[in-house]
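# what follows is a predicted protein model with its sequence.
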Amino acid sequence: RRQIVAFHLVGETFGFEINETHSFYAEAMVNTGLTTVERTAGGLLNERLVGVALKAMIRAQEHLLVVGRQSSLEKIAVFLVDLADRQGGTDLIDLPMSRIDIGDYLGLTIETVSRTISKLREMGIITLRNARCIEIIKPEKLRMLSN
């Protein structure tokens, strides 16, 4: 089984520590640049990286609540609202990930992801421009579902 713990968008910083105990990897779905940052001799991180780490911890905690306690409709709504906010508050969401990736991230099957997106479309909340682009028609209703 595969577990996706985060999707990162253009301009976002993420990181992980490489060690012998855990196996982590990142997979890029679009052109990506990488930079490595070493700790200081005392093992301290610079202030910017501490901020990145804290933000990642908050997002991880929020993600656990979504995966563990919400219906599939609520999970997809939270996911779409989050992507819209992270893409600048736009009502047009680019999905660089597949439906399978979304399912692995939210703890849903691909069928449930597709069925739930279709339900949101039938409710008049979203429209599909294409397989990788969703337009939010009723953002207030989507936000209500995500709470």
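Received the coordinates, thanks. Predicted model, so just to flag it, every value in this text is computed and none were measured.

# point to the helix or strand of the protein where mean pLDDT is at its lowest.
Ranked by mean pLDDT, DSSP states H and E, the helix or strand of the chain with the weakest confidence is helix 47-69, at a mean of 68.

# list the buried ones in the helix or strand that that one is followed by?
Downstream of helix 47-69, the first helix or strand assigned by DSSP states H and E is helix 72-86. By neighbour count on 16 or more other CB atoms under 10 Å, the buried set for helix 72-86 is 72-84, 86. The C-beta positions use only the backbone N, C-alpha and C, and glycine is treated the same way.

# wait, which of the residues you listed is closest to M123?
L73 (9.2 Å; CB to CB).

# and the closest one, how far from L108?
L73 sits 11 Å away from L108, going by CB to CB, to the nearest Å.

# L83 now?
Separation of L83 from L108 (CB to CB): 16 Å.

# pipe the buried residues of helix 72-86 into JSON lines and attach pLDDT and distance to E135 per row.
Supplementary listing: the buried residues of helix 72-86 in JSON lines, determined by pLDDT from 0 to 100; distance: CB to CB, whole Å:
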{"residue": "S72", "pLDDT": "93", "distance to E135": "21"}
{"residue": "L73", "pLDDT": "95", "distance to E135": "18"}
{"residue": "E74", "pLDDT": "93", "distance to E135": "20"}
{"residue": "K75", "pLDDT": "92", "distance to E135": "20"}
{"residue": "I76", "pLDDT": "95", "distance to E135": "15"}
{"residue": "A77", "pLDDT": "95", "distance to E135": "15"}
{"residue": "V78", "pLDDT": "91", "distance to E135": "18"}
{"residue": "F79", "pLDDT": "92", "distance to E135": "15"}
{"residue": "L80", "pLDDT": "95", "distance to E135": "11"}
{"residue": "V81", "pLDDT": "93", "distance to E135": "14"}
{"residue": "D82", "pLDDT": "89", "distance to E135": "16"}
{"residue": "L83", "pLDDT": "90", "distance to E135": "12"}
{"residue": "A84", "pLDDT": "93", "distance to E135": "10"}
{"residue": "R86", "pLDDT": "85", "distance to E135": "16"}
